[in-house]
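Engineer: Okay, predicted coordinates and the sequence, questions at the end:
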Amino acid sequence: MVRTDIVASVVEAVASAEGVEPVGLEPLHEYIDPTRLESRYEKERSEWHFVFHYADYQVTVTHDEQIFVDGELYR
């Protein structure tokens, strides 16, 4: 299975919810340490979810590559 760039995907999801281009958002590292998310995503194979706030949104990332922004699944 090919794993996506989870950090870029989170930024794109929040930008979509905000109605802006990804460069229009504050950097993700001002909210969380992106390396912690990347590490969990790349190494952890059991079921997990990672919840944090980014901009004015609650973001949930799951072990199976799903990203929710304020409870809405990003596609």
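Structural biologist: Looks like it arrived, so ask away.

Engineer: which stretch of helix or strand covers the residue most central in space within the chain?
Structural biologist: Here the mean C-alpha position of the chain is nearest to the C-alpha of Val10 (Cα atoms, centre = their mean), at a distance of 2.9 Å. Element membership for Val10 (DSSP states H and E) is helix 6-18.

Engineer: Where do the helices of the chain begin and end?
Structural biologist: Along the chain, the segments classed as helices by DSSP state H run 6-18, 34-43.

Engineer: by how many degrees do the longest one and helix 34-43 diverge?
Structural biologist: Right, the one you point to is helix 6-18. 110 degrees (axes from the mean of the first three to the mean of the last three Cα atoms, to 10 degrees).

Engineer: Buried residues in helix 6-18, which are they?
Structural biologist: Of the residues in helix 6-18, those buried by neighbour count under the rule 16 or more other Cβ atoms under 10 Å are 6-7, 10-18. Bear in mind the C-beta positions are built from the backbone N, C-alpha and C, glycine included.

Engineer: okay if I get the residues you listed as JSON lines plus distance to Arg36 and pLDDT?
Structural biologist: Shown next, in JSON lines, are the buried residues of helix 6-18 (distance: Cβ to Cβ, whole Å; pLDDT from 0 to 100):
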{"residue": "Ile6", "distance to Arg36": "11", "pLDDT": "91"}
{"residue": "Val7", "distance to Arg36": "11", "pLDDT": "93"}
{"residue": "Val10", "distance to Arg36": "12", "pLDDT": "96"}
{"residue": "Val11", "distance to Arg36": "15", "pLDDT": "96"}
{"residue": "Glu12", "distance to Arg36": "19", "pLDDT": "96"}
{"residue": "Ala13", "distance to Arg36": "18", "pLDDT": "97"}
{"residue": "Val14", "distance to Arg36": "17", "pLDDT": "97"}
{"residue": "Ala15", "distance to Arg36": "21", "pLDDT": "97"}
{"residue": "Ser16", "distance to Arg36": "23", "pLDDT": "96"}
{"residue": "Ala17", "distance to Arg36": "22", "pLDDT": "96"}
{"residue": "Glu18", "distance to Arg36": "23", "pLDDT": "95"}
